[in-house]
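>>> missing the sequence, but the structure's below:
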Ligand SMILES: [Mg+2]
């Protein structure tokens, strides 16, 4: 596999683009003296869904379908109306679950079990990402608005389950999800990590705001989503995204550590 890397600045954040070429020419990754500088980082925090696996593989699409199914079943709304309600809850409360808990008093365990009951066959072991994460020095943690069971299933499926010391899930943060600052303050206090020695990776730019506010180095995995469903707008996150990449594996291989 050939990986071409282009590094350039844009605005107030460094921009890192990595694009895979279709043939098998020699790897052209930037060397350790020229990649983004992460030598200060000793705690690596990764979002799960759409960050550690391909956002276009259909896995998270299944979860979104199940969220809509749950809302439709619970409210009795037609599916398109349930979808609109689900998106509204997401925008106003951070997650559909948080909105359903606040407005309808649903039981979180039942919801989480339902929406994460999905087919993981689109996923397979990712040797390149495994190698990239393995080289990161210090502690590695998953930080997800999903549940621990789902995270463990995903990590096992892609072959990364042995690489993380902890999984911070929606229960860890008391059902107050990212991007709420309280979620980050909870995990920082519980883990004792130094935010200025931490880096956070997430495909949703708004999830990086509070992390940057605490002093973490932030990396936005740009999956090409335009967030046209009313989700977080990238422009609102200017100044809070230190690095941007569309290829997490190449990025991790290229950084200086
Ligand atoms: Mg995500």
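Received the coordinates, thanks. Just so it is clear, the model here is predicted, and its values are computed rather than measured.

>>> Any idea how many residues pack against the residue of the stretch 101-250 of the chain found nearest the ion?
Closest contact between the stretch 101-250 of the chain and the ion, by Cβ to the ion, is at residue 203 (4.4 Å). Where you see a C-beta, it was placed from the backbone N, CA and C, and this is true even at glycine. Residue 203: 21 surrounding residues under other Cβ atoms under 10 Å.

>>> Give me the nearest residue to residue 75, chain neighbours excluded.
In space, and not counting its chain neighbours, residue 75 is closest to residue 82: 6.3 Å by Cβ to Cβ, 6 or more residues apart in numbering.

>>> any bit of the helix or strand hosting the one you found sitting next to the ion?
Secondary structure from DSSP states H and E places residue 82 in helix 79-93. No. Contact of helix 79-93 with the ion (Cβ under 5 Å from the ion) is absent, the minimum separation being 12.5 Å.

>>> contacts for that helix?
67-69, 71-72, 75, 77, 95-96, 98-100, 102-103, 177, 229-231 (Cβ atoms under 8 Å, 6 or more residues apart in numbering).

>>> pLDDT score assigned to the spatially most central residue of the chain?
The centroid of the chain falls nearest to residue 47 when counting by Cα atoms, centre = their mean (3.0 Å). If you check residue 47, the pLDDT there is 98.

>>> Near residue 117, how many other residues are there?
The burial count for residue 117: 11, using other Cβ under 10 Å.

>>> Quick check: which element contains the closest residue to it other than its chain neighbours?
In this structure, residue 117 finds its nearest non-sequential neighbour in residue 66, 6.8 Å apart by Cβ to Cβ, 6+ apart. Per DSSP H and E, residue 66 falls inside helix 59-75.

>>> model confidence over that helix, on average?
96.

>>> Quick check: pLDDT value at the closest residue to residue 57 other than its chain neighbours.
Nearest residue to residue 57, sequence neighbours excluded (Cβ to Cβ, 6+ apart): residue 122, at 4.3 Å. We have a pLDDT of 97 for residue 122.

>>> likewise residue 229?
61.

>>> what helix or strand does residue 145 sit in?
Per DSSP H and E, there is no helix or strand for residue 145.

>>> quick one: it from residue 80, how far?
Applying Cβ to Cβ, to the nearest Å, the value for residue 145 to residue 80 is 24 Å.

>>> Looking at these two, which has the bigger crowd around it?
A direct count of neighbours by other Cβ under 10 Å for residue 145 and residue 80 places residue 145 higher, at 24 against 10.

>>> I'd guessed residue 204 sits against residue 47; true?
Yes. Between residue 204 and residue 47 there is a contact under Cβ atoms under 8 Å: 7.3 Å.

>>> can you list residues touching both of these two?
Common neighbours of residue 204 and residue 47 (Cβ under 8 Å, 6+ apart) are residue 178.
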